[in-house]
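Asks: Sequence first, then the predicted structure, then my questions.
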2 protein chains.
Amino acid sequence: MKEKKADIIAVAKAARVSPSTVSRSFNHPELVKAATRKRIDAAVRRLGYIRNRAAQTIHGIRGGTIGLIVPTVDHAIFAELIQSFSQNVEEQGFTILLASHGYRLEREYAIARKMLEHRVDGMALIGLDHSDDTYGLLRQQNTPTVLLWNYSDEAPMPCVGSDNYLAGRLIGDHVARLGHRSIAAVFPPTSGNDRAFQRLSGVEDALASKGLKIARDWRLETPYSVSAAKNKVARLISFPRRPTAIICGNDVLAWGALHALKRSGVSVPEDVTITGIGDFHGSKDFEPSLTTVRIPAHTIGSKAAKLIVALIIKESDSESGELVPPELLVRSTSGPVR
Amino acid sequence: MKEKKADIIAVAKAARVSPSTVSRSFNHPELVKAATRKRIDAAVRRLGYIRNRAAQTIHGIRGGTIGLIVPTVDHAIFAELIQSFSQNVEEQGFTILLASHGYRLEREYAIARKMLEHRVDGMALIGLDHSDDTYGLLRQQNTPTVLLWNYSDEAPMPCVGSDNYLAGRLIGDHVARLGHRSIAAVFPPTSGNDRAFQRLSGVEDALASKGLKIARDWRLETPYSVSAAKNKVARLISFPRRPTAIICGNDVLAWGALHALKRSGVSVPEDVTITGIGDFHGSKDFEPSLTTVRIPAHTIGSKAAKLIVALIIKESDSESGELVPPELLVRSTSGPVR
DNA sequence: GCCAAAAATGAAAACATTTGCAAAACTATT
DNA sequence: AATAGTTTTGCAAATGTTTTCATTTTTGGC
């Protein structure tokens, strides 16, 4: 292991050509004679040479990486989004530099900086809510950036996502229309999470327009986890006065609610209506199958990937993102009030 | 946006020192006078200068990235693992370069190569099953590498994971002990997936040692999805002759099975026993709560992170990995045969 | 105020590449 | 066999840093 790694000069020597020719043979193969190329390839193989992207990057050549910063990887929905985004981006020859900030926006700034040190060709962030520092940094370095997951016309950078407010409205409307008047809500904390905040606003506005309101102690806040939601909902329905509908901020929370209800022998949707948001893998096949709003992570991921790559390669005009509309899916966990 | 980005020379000029001093002020701050440092920092801020890691890497300085290649991000269990691994690695100042190969091992090789071009400081792969090319490449470049998720004494590289064969045995044993003799299995395809293969072997061996065997047409193979498993199991139990136990290759498949059973009005565990493997988020809180084998993704991720970083920084002896034992969790979906 | 030692700084070489330009080697044409 | 193109190659400069070594500046003791 002592013989240091082969560099382009070693390859050149071995193939009896100059380093320039070796370099060309990689980057503009059409400019070098086939025979020479063959000789070089052989040398490369023999020495186990691997190109050094860092040394290319220095010449202003794109490194082929895109930074992706998420709050966490470990949520069904982000996992799906990351998968789709990274896969599409890989198909276009880029690789993802991934980091998570755990819903701490200052961390996000630090991570973004670090990714810029790596000279990523572009950046992708989740949601529209970011610190001014982060926005400033990205703009000042004018790094192509796309905002994932949430869409707004007024977003300060191109974004690809759904309208989370509308998603909330769709669900709120649906529940109200079914005649429910005693409605509870189970949502994740909304601070630093524009998606959750907007969904909740949407729900509230939809209800308000029908003269409805969620009682203060029926506004449950829980972390993103089946177990937390299950506990909160179990507690909620242990009181004599019960809501007839529980609107959940996302499908995972809805699953938790469903389990809690099953455990207590409350039937869905006869006794209580449950709704989610997201349409995660598994929601359709849940028994009973979950009424929710589809926010197509897959589509968002692939459109975003296309957009960021477009921004990178023809660093042209800031195309303005794309709205992927949410869609109400009425399934079996929602029904008219008794 | 025309003024090109600031480099270290620009900063040096602005701070009226030499580039060397600026460099030192970043890398060995104790060697430069506090006043000078202050001046430099001011210039950095004023010019919006961001260091260029690529230019450092060229000097053999570590870039601070670790390549992680997974089959897919979009499985509950990998998401959990990735989250834990990346978080721990970040805490130690590294960033993850992530890519997925979709269970195609040739893709894995190509990706590994590309990551090496980026001069990652270390690599992490899922499972023990990789192409000879991949192993050869990593060894030849002697890149610190750790294998995640599965553990074996004979692994060709340090690995941190659980014993998937043992996990299978634990479950097989448990089911056999409950007196079941008509047993079905629902597993993902085992080709290119050593984890699944070993689990299944473990199950089969455990049953064989009790003189039991899974009938050919009760060996269901399904992709990793609630919906696929649900369909297969629904079909399975539509026949008059039914198994009394269904052993699933992972928790997601078990959820699918559970939903199928619920839908058909078959009670668990009275009529049929269901087991999973993995203990994913949500399995404990499922109703009925799922009997499974815990494979602690979180622990694995953090131990692996520590190991790879150790290998990188004191590129010393190949510490030999770590076995995180699987643990049988008997919950409410398994019971004695009627 | 002087001197030696210590601290701070700068000049230049090094790192692994790419690229513009010029030279060399071929091809075809006569 | 000479000429004019054309294709292929090499030279040398450039890229943004770090680092070694030498030089300059500062400090403390007298």
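Replies: That came through, no problem. Being a predicted model, the structure only gives us computed values, none of them experimental.
Asks: okay, CA-based contacts and neighbour counts for the rest of this
Replies: OK.
Asks: check contacts around residue A:62.
Replies: Counting by C-alpha atoms under 8 Å, 6 or more residues apart in numbering or on different chains, residue A:62 touches A:56, A:121.
Asks: helix/strand/coil for it?
Replies: With DSSP: H, G, I helix; E, B strand; the rest coil as the basis, residue A:62 sits in coil.
Asks: Count the neighbours of residue A:172 for me.
Replies: Neighbours of residue A:172 under the rule other C-alpha atoms under 10 Å in any protein chain shown: 27.
Asks: Please name the nearest non-neighbouring residue to it.
Replies: Distances taken as C-alpha to C-alpha, 6 or more residues apart in numbering or on different chains put residue A:203 closest to residue A:172, at 4.5 Å, once the chain neighbours are dropped.
Asks: next one: residue A:328
Replies: residue A:293 (4.4 Å).
Asks: and that neighbour, that's in a helix?
Replies: No - looking at residue A:293 with three-state DSSP, it is strand, so not inside a helix.
Asks: residues touching it, list them.
Replies: Counted by C-alpha under 8 Å, 6+ apart, residue A:293 has contacts A:167, A:170-171, A:276-279, A:326-329.
Asks: Among those, which are located in strands?
Replies: Using DSSP state E, the subset of the contacts of residue A:293 located in strands is A:327-329.
Asks: how about the residues you listed in TSV, adding pLDDT and neighbour count?
Replies: Listed next are those as TSV, based on pLDDT from 0 to 100; neighbours: other C-alpha atoms under 10 Å in any protein chain shown:
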residue	pLDDT	neighbour count
A:327	97	19
A:328	98	20
A:329	98	20
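Asks: Closest one of those to chain B?
Replies: Distance to chain B across those (C-alpha to the nearest C-alpha) is lowest for residue A:329, with 16.9 Å.
Asks: what's the helix or strand for the closest residue in space to residue A:73 that isn't next to it in sequence?
Replies: Leaving aside its sequence neighbours, residue A:73 sits nearest to residue B:83 (C-alpha to C-alpha, 6+ apart; 5.2 Å). Residue B:83 is part of helix B:76-91 when elements are defined by DSSP states H and E.
Asks: could you dump that helix to CSV, C-alpha only?
Replies: Provided in CSV are the C-alpha atoms of helix B:76-91 (Å, rounded to 0.1, in the frame of the first residue of the first chain):
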residue,chain,number,x,y,z
ALA,B,76,-38.6,2.5,6.0
ILE,B,77,-35.6,0.6,7.2
PHE,B,78,-33.0,2.2,5.0
ALA,B,79,-34.4,5.6,5.8
GLU,B,80,-33.9,5.0,9.4
LEU,B,81,-30.4,3.7,8.9
ILE,B,82,-29.4,6.5,6.6
GLN,B,83,-30.7,9.0,9.0
SER,B,84,-28.8,7.6,11.9
PHE,B,85,-25.6,7.1,9.9
SER,B,86,-25.6,10.5,8.3
GLN,B,87,-26.4,12.3,11.5
ASN,B,88,-23.6,10.7,13.4
VAL,B,89,-21.2,11.2,10.6
GLU,B,90,-22.2,14.9,10.3
GLU,B,91,-21.5,15.3,14.0
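Asks: Now the element after it, going C-ward?
Replies: Assigned by DSSP H and E, the successor of helix B:76-91 is strand B:95-100.
Asks: what does the average pLDDT come to for that following strand?
Replies: For strand B:95-100, the mean pLDDT works out to 97.
Asks: Work out the gap between that strand and the centre of the chain.
Replies: Between the centre of strand B:95-100 and the centre of its chain there are 12 Å (C-alpha atoms, centre = their mean, to the nearest Å).
Asks: Could you list every helix and strand that it packs against?
Replies: Secondary structure elements in contact with strand B:95-100, counted by 3 or more C-alpha pairs under 8 Å, 6 or more residues apart in numbering or on different chains; DSSP states H and E, are helix A:76-91, strand A:95-100, strand B:65-70, helix B:76-91, helix B:105-117.
Asks: 6 Å - rerun?
Replies: In terms of contacts (3 or more C-alpha pairs under 6 Å, 6 or more residues apart in numbering or on different chains; DSSP states H and E), strand B:95-100 is packed against strand A:95-100, strand B:65-70.
Asks: Touching the first one from outside, list them.
Replies: Just to be clear, that refers to strand A:95-100. If you take C-alpha atoms under 6 Å, 6 or more residues apart in numbering or on different chains as the criterion, strand A:95-100 is touched by A:65-72, B:96-98.
Asks: For stretch A:53-71, measure first residue to last.
Replies: Using C-alpha to C-alpha, to the nearest Å, one end of stretch A:53-71 lies 29 Å from the other.
Asks: If you could redo that for stretch A:93-103, that was the one I meant.
Replies: 29 Å.
Asks: and that stretch, which residues are buried?
Replies: Buried positions in stretch A:93-103, judged by neighbour count with 16 or more other C-alpha atoms under 10 Å in any protein chain shown: A:94-101.
Asks: mind checking how far it is from the chain centre?
Replies: 10 Å.
Asks: In the stretch 151-300 of chain A, where is pLDDT below threshold?
Replies: Across the stretch 151-300 of chain A, nothing is flagged by pLDDT under 70.
Asks: would you list every one of the helices in it?
Replies: Counting by DSSP state H, counting those that start in this stretch, the stretch 151-300 of chain A has helices at residues A:164-177, A:194-208, A:226-236, A:251-264, A:297-313.
Asks: Among these, which comes closest to residue A:335?
Replies: With respect to residue A:335, and counting by C-alpha to C-alpha, the nearest of these is helix A:164-177 at 8.3 Å.
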